[in-house]
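Peer 1: Dropping a prediction and its sequence here:
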Amino acid sequence: MKLGLGLYSESLTDENLRFANQCGATHIVAQLVNYIKGSNPKVARGNLDGWGETYNQDKLWTLDQLVSLRKKIEGHGLKLEAIENFDPSHWYDILLDGPLKVKQTENLKQLIRNVGKAGIPVMGYYFSLAGVWGWTTAPVGRGQSNSILFDTNQIDVNAEIPEGMVWNMTYAPKNGKFIPKITREELWSRLDYFLQNMLPIAEEEGVKLVAHPDDPPLPTLRNNPRLFYNTTEYEKLLTKYPSEANGYEFCMGTVQEMQDSDVYQMLDKYSANNRIGYIHFRNVVGKVPHYREAFVDEGDIDMVKALKILKKNNYEGVLIPDHTPEMSCDAPWHAGMAFALGYMKGAIQSLNSF
Ligand SMILES: [Mn+2]
């Protein structure tokens, strides 16, 4: 297994790549979504009004752009393992079954080709209407750390999604209307359409297309269904499409938050048969509908036990911290990441010494 760090578009700087290296990471997972307005996602917490705006419809990531990103990362002695998430403005009508669906499908196929030709092995995505939504933030972590909290008593879980918004980002001006409520079957059929179009391209290009589970994992949110809110539905993704190009962006925190989950059993089963693209290695206290994110060493998951399972199965993919509580200092995000990566590095070294 390999240690990695996830960086957002505006944080893919030389300084942060040196930081990753200093923490012992060897791999980078890059998020390229450009946020025109709104809060910086790496520090944003209460995001009930969305992550911001994205109007990049006509600005697909080019092969040149992806190759230069890979080279920049390699210039620091690191490897670019994955791109995480499509830009919502590149595929909103695939999620919403809207009029631009066919055009956006062709665009996404080209993006996957570009990712493959740029020598990036993994493409992560998250097929969701509401997206990551409903988090609040409070100093409720260890040592009063500012932590992500999900508590259905504090939000209106049925707040409808405005037209012009999907995946918790705004891609078009709002018009006072809301998107229609659809059935779970309809949402699955939209995912089917997406996979039937994308998997053949991913196979051709040698790209692993990996899905993040719904965060937070509730069966419905904002008046619409969510696909991967329990392990049965999440496993259906892999049983329905046995292609080697179809896999998990395995978020240990989100899987642990599912009411029915056994995170060790899932990790064991899917790391053994090579269906995990990469892992969000983070910890949590509680399950939906009430949980808080936690420091890697203090949550409900025994992280060393999880690492032992991955070692037993010779898992060769990358682990990134995903998110962590913020630490009280001038660099709350960096300190949180450095703590998580240091823990992971120490635990892995310790397992390898036995
Ligand atoms: Mn995650």
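Peer 2: Perfect, I can see it now. Remember, predicted model here, so these are calculated numbers, not experimental data. Numbers count the residues shown, from 1 in each chain.
Peer 1: Strands along the stretch 251-354 of the chain, start to end?
Peer 2: With strands called from DSSP state E, counting those that start in this stretch, the stretch 251-354 of the chain shows them at 276-280, 283-287, 290-294, 318-320.
Peer 1: Single out the most deeply packed of the ones you listed.
Peer 2: Most buried of the strands of the stretch 251-354 of the chain by mean neighbour count (mean count of other CB atoms under 10 Å) is strand 318-320; its value is a mean of 27. (Glycine included, C-beta is placed from N, CA and C.)
Peer 1: and it with the ion, contact?
Peer 2: No: on the criterion CB under 5 Å from the ion, strand 318-320 is out of touch with the ion, staying 9.0 Å away.
Peer 1: can I get the strands of the stretch 251-354 of the chain in TSV with mean pLDDT?
Peer 2: Shown next, in TSV, are the strands of the stretch 251-354 of the chain (pLDDT from 0 to 100):
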stretch	mean pLDDT
strand 276-280	98
strand 283-287	98
strand 290-294	97
strand 318-320	98
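Peer 1: which one of the ones you listed lies closest to Tyr126?
Peer 2: Of all the strands of the stretch 251-354 of the chain, the one in closest proximity to Tyr126, counting by CB to CB, is strand 276-280 (11.3 Å).
Peer 1: Show the average pLDDT along stretch 127-144.
Peer 2: Stretch 127-144 comes out with an average pLDDT of 94.
Peer 1: Quick check: buried residues in it?
Peer 2: 127-138, 140-141 (16 or more other CB atoms under 10 Å).
Peer 1: show me what contacts the residue in the chain positioned nearest to the ion?
Peer 2: Of all residues in the chain, Cys251 sits closest to the ion, at 3.2 Å by CB to the ion. Contact partners of Cys251, counting by CB atoms under 8 Å, 6 or more residues apart in numbering, are 212-213, 215, 279-280, 282, 322.
Peer 1: if you look at the buried residues of stretch 127-144, which of them are in strands?
Peer 2: The strands, defined by DSSP state E, take in 136-138 from the buried residues of stretch 127-144.
Peer 1: Closest to Ala20 out of the residues you listed?
Peer 2: So of these, ranked by how close each gets to Ala20 (CB to CB), first place is Thr137, at 24.7 Å.
Peer 1: Spit out the contact partners of the residue most central in space within the chain.
Peer 2: Centroid-nearest residue in the chain, with CA atoms, centre = their mean: His212, separated by 5.2 Å. By CB under 8 Å, 6+ apart, His212 lies in contact with 124-126, 228, 249, 251, 254, 280.
Peer 1: Now do it against Tyr229, distance only.
Peer 2: According to CB to CB, to the nearest Å, His212 and Tyr229 sit 12 Å apart.
Peer 1: next structured bit after the worst-scoring helix or strand of the chain on mean pLDDT?
Peer 2: Ranked by mean pLDDT, DSSP states H and E, the weakest helix or strand in the chain is strand 136-138, scoring a mean of 89. Next along the chain after strand 136-138, taking DSSP states H and E as the criterion, comes strand 147-151.
Peer 1: Please see if that next one touches the ion.
Peer 2: No: figure legend: strand 147-151 not in contact with the ion (CB under 5 Å from the ion); closest approach 11.0 Å.
Peer 1: likewise stretch 215-225?
Peer 2: No: remark: stretch 215-225 sits outside contact range of the ion, by CB under 5 Å from the ion, the gap being at least 5.8 Å.
Peer 1: quick one: terminal-to-terminal distance for that stretch?
Peer 2: Start and end residues of stretch 215-225 are separated by 13 Å (CA to CA, to the nearest Å).
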